[in-house]
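Undergrad: The sequence and its predicted three-dimensional model are supplied below.
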Amino acid sequence: MEDINKFLRELPKTELHLHIEGTLEPEMMMSLADRNHVRLPWTTLEDTNSAYKFENLQSFLDIYYQGITVLHTEEDFFDLTFAYLQRAASDSVRHTEIFFDPQSHTERGIPYEVVVDGIHAALMDGEKYLGISSELILCFLRHLPPTSALNTLETALAYKNGIIGVGLDSSELSFPPINFLEVFEKARSIGLRTVAHAGEEGPPEYIWEALDILKVDRIDHGVRCLEDPLLVEKLRLSQTPLTVCPLSNIKLKVFSSMSQHNILKLSEAGLCITINSDDPAYFDGYINDNYAAVYQAFNLSISDLLLYAKQSIQASFASESRKTALLAEINQLIV
């Protein structure tokens with residue numbers, strides 16, 4: 001595995017499914033709790049690490065939302081984001097498209113501009129000092145009313161700082177994409193790109209809704225599409241990317257083990273598949289850990305890994321010139 005890990009550390013790639021709040025490592029959580037005088041349910045690092053073990057999506061979200069209560073200031077959001085970028089740089093991530101959940105913060109009294117200014121400043125420093133280009137995607141929490149999503153978009157548009165698109169995340173079951181038609185229509189009408197979590201816990205019908213009703217550019221997760229052959233064919237013909245998060249799927253028990261994951265079947269069906277880390281602080285691995293886990297479980301070739309990396313570049317919202325440069329960098333690595 002050492003040889004493959006070395007190769008992955010050199011392989012240029014993009015990350016398209018990354019929740020910045022999900023990069024909050026236990027050590028940083030405790031540090032920020034001290035900085036901001038936040039009382040957590042856990043008093044030691046060992047207790048906090050234990051709390052990062054959970055049984056399903058909802059129990060994960062419970063600890064996730066508890067953790068973000070330590071984020072209060074622009075400095076906090078800067079530190080969180082720049083720590084992720086430093087870790088991503090060590091994995092040869094050249095471009096990243098970061099999700100953030102402003103409603104998680106505005107609902108507890110943190111102004112929108114505090115959140116976005118801290119993240120945006122870190123992204124600018126990431127490009128300047130680490131060579132990582134980036135985009136920012138505002139995600140709506142689907143367990144909150146669609147009116148809250150509309151209000152959040154209005155706030156973001158009034159502030160006009162650095163978002164390229166909108167997404168849809170949080171608890172999937174019982175919150176179908178169609179609920180958010182109005183806010184997605186508005187986002188698309190002003191030129192924002194659109195993505196949505198669908199087909200992780202939710203059924204294939206949610207993927208259909210995301211494609212046909214929300215008209216998204218990418219599907220986040222999407223692994224349950226194989227239950228519907230017509231949907232698979234639609235995804236194959238359109239080459240709509242799926243941002244798959246293998247270790248996340250195992251941790252949340254979407255699949256019982258990596259050997260049971262369907263990522264290879266998705267690729268064999270001719271779909272555009274990318275590998276990502278989702279919430280790496282909680283799911284036992286950053287992007288190279290996900291690549292390595294898939295490589296090992298399915299005895300993949302270097303060519304397979306190169307294809308995933310190339311598809312991640314092609315599926316991104318980076319400029320065509322940036323994509324060309326990154327693909328050229330991969331081709332130089334091959335030579």
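TA: Looks like it arrived, so ask away. Numbering: from 1, shown residues only.
Undergrad: Show me what the host helix or strand of M29 is in contact with.
TA: Secondary structure assignment for M29, by DSSP states H and E: helix 26-36. Helix 26-36 is contacted by residues 38-40, 45, 48-49, 52, 67, 70-73, 76, 79-80, 83, 281 when judged by Cβ atoms under 8 Å, 6 or more residues apart in numbering. Where you see a C-beta, it was placed from the backbone N, CA and C, and this is true even at glycine.
Undergrad: can you give me the strands in the stretch 1-150 of the chain?
TA: Assigned by DSSP state E, counting those that start in this stretch, the stretch 1-150 of the chain shows strands spanning 13-19, 93-100, 133-141.
Undergrad: who does the longest one pair up with?
TA: In the sheet containing strand 133-141, its partner strands are strand 93-100 (parallel), strand 163-169 (parallel), by DSSP bridges.
Undergrad: before we move on, the earlier item: nearest to I302, of the strands of the stretch 1-150 of the chain?
TA: Ranking the strands of the stretch 1-150 of the chain by proximity to I302 (Cβ to Cβ) places strand 13-19 first, at 13.6 Å.
Undergrad: any idea of the mean pLDDT in the closest one?
TA: Averaged over strand 13-19, pLDDT sits at 98.
Undergrad: Next: stretch 41-58.
TA: 80.
Undergrad: Pull up the distance across it, start to finish.
TA: End-to-end span of stretch 41-58 (Cα to Cα, to the nearest Å): 18 Å.
Undergrad: gap between that stretch and the chain center?
TA: Centre-to-centre, stretch 41-58 and its host chain are 21 Å apart (Cα atoms, centre = their mean, to the nearest Å).
Undergrad: Check stretch 152-160 too.
TA: On the basis of Cα atoms, centre = their mean, stretch 152-160 sits 21 Å off its chain's mean C-alpha point.
Undergrad: Can you tell me who the closest residue to G222 other than its chain neighbours pairs with across the strands?
TA: In this structure, G222 finds its nearest non-sequential neighbour in L242, 3.9 Å apart by Cβ to Cβ, 6 or more residues apart in numbering. Taking DSSP bridges as the rule, L242 bridges to I219, I273.
Undergrad: Quick check: L242 touching R224?
TA: No: under the criterion of Cβ atoms under 8 Å, L242 is not in contact with R224, lying 10.6 Å apart.
Undergrad: more crowded one of these two?
TA: Set L242 next to R224 and count neighbours by other Cβ atoms under 10 Å: L242 wins out with 28 against 20.
Undergrad: State the distance from that one to D212.
TA: Separation of L242 from D212 (Cβ to Cβ, to the nearest Å) stands at 16 Å.
Undergrad: count of neighbours near L271?
TA: Other residues close to L271 by other Cβ under 10 Å number 23.
Undergrad: quick one: it from R236, how far?
TA: 6 Å.
Undergrad: ok, back up a step: Throw the strands of the stretch 1-150 of the chain into CSV and include mean neighbour count and distance to L247, thanks.
TA: Listed next are the strands of the stretch 1-150 of the chain as CSV, based on neighbours: other Cβ atoms under 10 Å; distance: least, Cβ to Cβ, whole Å:
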stretch, mean neighbour count, distance to L247
strand 13-19, 28, 12
strand 93-100, 26, 16
strand 133-141, 23, 20
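Undergrad: And the ones you listed: which comes nearest K253?
TA: Of the strands of the stretch 1-150 of the chain, nearest to K253 by Cβ to Cβ is strand 13-19, at 18.3 Å.
Undergrad: counting contacts, what elements does the closest one pack onto?
TA: For strand 13-19, the packing partners by 3 or more Cβ pairs under 8 Å, 6 or more residues apart in numbering; DSSP states H and E come out as strand 93-100, strand 218-221, strand 242-244, strand 273-275, helix 287-298, helix 302-314.
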